[in-house]
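J.: predicted model, plus sequence, below.
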Amino acid sequence: MRSADFLSLALGSVAAHRMRSLLTALGIAVGIAAVVLLTSIGEGVHRFVLGEFTQFGTHLIAVTPGKTSTFGLSGAVINTVRPLTLEDAEALARLPRIEAALPFVQGNAPIEYGNRIRRSMIFGTGADVPRVWRMQPRIGRFLPREDPRHARPFAVLGAKVKQELFGAASPLGRRVRIGGERYRVIGVMEPKGTLLGFDLDDAVYIP
């Protein structure tokens, strides 16, 4: 069959069954659009998750205490899991090829300055946060390198906490109360955004 005859036959069939041809074309268009949409959504989710987990770098390992399972018995009988300590962090830091070990605990407490108060995340950590988490102070400095057992009561504010408590004024050298204890502000972190639902700008860093 010549190409011209084949084309004429195809066009004649389409013209003779207009509704069927329209529905067929519509189905093909919807299928292509669905594939493109799902592919775009999948790529977007992939980029989001990748960005969330790599904004602190790709060479981090988090170590947490193991899960204790007692199988209905008293935990004192068969419990072999102990909490991590500062000694554990110091031991990890001495391992070969470990660039830094960062002890870390978190909680929630009110931060007070004058007649202003804001309840935010409190991160108890060490001096290596800027190096490990790739976060730098925007003004001032981060916590100094000290013995964590006898660290001075310094505090570094997240960007949002600084704005809520001090507005446009500089907080450096001011004293805030965190959970009833007094801390001197020595720095403010640059805006970092959220990580897996945690607002890192609405946080305070203390030793």
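T.: Received the coordinates, thanks. Numbers count the residues shown, from 1 in each chain.

J.: where does the prediction get shaky in the chain?
T.: Applying pLDDT under 70 to the chain flags the ranges 1-2, 4-7, 9-12, 14, 48-58, 66-81, 195-197.

J.: what helix or strand does the spatially closest residue to V185 that is not a sequence neighbour sit in?
T.: Leaving aside its chain neighbours, V185 sits nearest to P171 (4.5 Å; criterion: CB to CB, 6 or more residues apart in numbering). No exception for glycine: its C-beta is placed from N, CA and C like everyone else's. Per DSSP states H and E, P171 falls between elements, in no helix or strand.

J.: look up how far M189 lies from P171.
T.: Taking CB to CB, to the nearest Å as the measure, P171 falls 12 Å from M189.

J.: same check on V30?
T.: For V30 relative to M189 (CB to CB), the value is 49 Å.

J.: what ranges does the protein have for its strands?
T.: 105-113, 116-124, 137-140, 154-157, 175-178, 181-189, 194-195, 198-199, 203-206 (DSSP state E).

J.: what number of residues lie near E181?
T.: Number of residues near E181 (other CB atoms under 10 Å) recorded here: 11.

J.: for it, which residues make a bridge with it?
T.: I178 (DSSP bridges).

J.: quick one on the thing from earlier: which one of the strands of the chain lies closest to H59?
T.: The closest of the strands of the chain to H59 is strand 194-195. By CB to CB, the value is 16.5 Å.

J.: from what I see, the residue nearest to V185 and K162 are in contact.
T.: Yes. Contact criterion CB atoms under 8 Å: P171 and K162 qualify, at 5.7 Å.
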